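A.B. asks: Everything below, folded, please.
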Amino acid sequence: MNPMEFNYHEFKKDLIIKRLIDNSMSMDEASKEIGISKATLSRIERGSMPDMVTFLKVCEWLGTVPMNYFIIVGKRSP
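C.D. replies: Just a heads-up that it's a prediction; the model follows:
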């Protein structure tokens, strides 16, 4: 299996676009819909990495699969 890296920039961008541009939602509205606290959503949007449970909740809210936020960074040596 090739090593993968989490593409946080794309994850954060998609979250902010859906919340602000697509839905014009406040942080409070979006956090309630996602099922996370407003503070957690704020931390994610400011650059903190979410834990796995939160990441999966946000992916579900975005309507996407978690693998969309991982990129292959190179081939593993045999």
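
A.B. asks: quick one: buried residues of stretch 34-54?
C.D. replies: Counting neighbours by 16 or more other C-beta atoms under 10 Å, one finds that the buried residues in stretch 34-54 are 34, 36, 40, 41, 44, 50, 54. (Each C-beta comes from the backbone N, C-alpha and C, glycine too.)

A.B. asks: Now for the fourth one: which residues touch it?
C.D. replies: Residues touching residue 41, when contacts are defined by C-beta atoms under 8 Å, 6 or more residues apart in numbering, comprise 27, 30, 31, 34.

A.B. asks: How about the secondary structure of the one residue sitting closest to the centre of the chain?
C.D. replies: The structure's the chain has its C-alpha centroid closest to residue 11; by C-alpha atoms, centre = their mean the separation is 4.0 Å. Using DSSP: H, G, I helix; E, B strand; the rest coil, the secondary structure recorded for residue 11 is helix.

A.B. asks: contacting residues for it?
C.D. replies: Residues touching residue 11, when contacts are defined by C-beta under 8 Å, 6+ apart, comprise 55, 58, 69.

A.B. asks: Which one of these is nearest to residue 16?
C.D. replies: residue 58 (11.2 Å; C-beta to C-beta).

A.B. asks: what ranges do the helices span in the protein?
C.D. replies: Along the chain, the stretches classed as helices by DSSP state H are 8-16, 27-34, 38-46, 52-62.

A.B. asks: now those helices as JSON lines including distance to residue 74 and mean pLDDT?
C.D. replies: Formatted as JSON lines, the helices of the chain follow (distance: least, C-beta to C-beta, whole Å; pLDDT from 0 to 100):
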{"stretch": "helix 8-16", "distance to residue 74": "18", "mean pLDDT": "95"}
{"stretch": "helix 27-34", "distance to residue 74": "33", "mean pLDDT": "96"}
{"stretch": "helix 38-46", "distance to residue 74": "27", "mean pLDDT": "96"}
{"stretch": "helix 52-62", "distance to residue 74": "23", "mean pLDDT": "97"}
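
A.B. asks: how about those in CSV, adding distance to residue 73?
C.D. replies: As requested, the helices of the chain are exported to CSV (distance: least, C-beta to C-beta, whole Å):
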stretch, distance to residue 73
helix 8-16, 14
helix 27-34, 28
helix 38-46, 22
helix 52-62, 19
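
A.B. asks: All good on my end, thank you.
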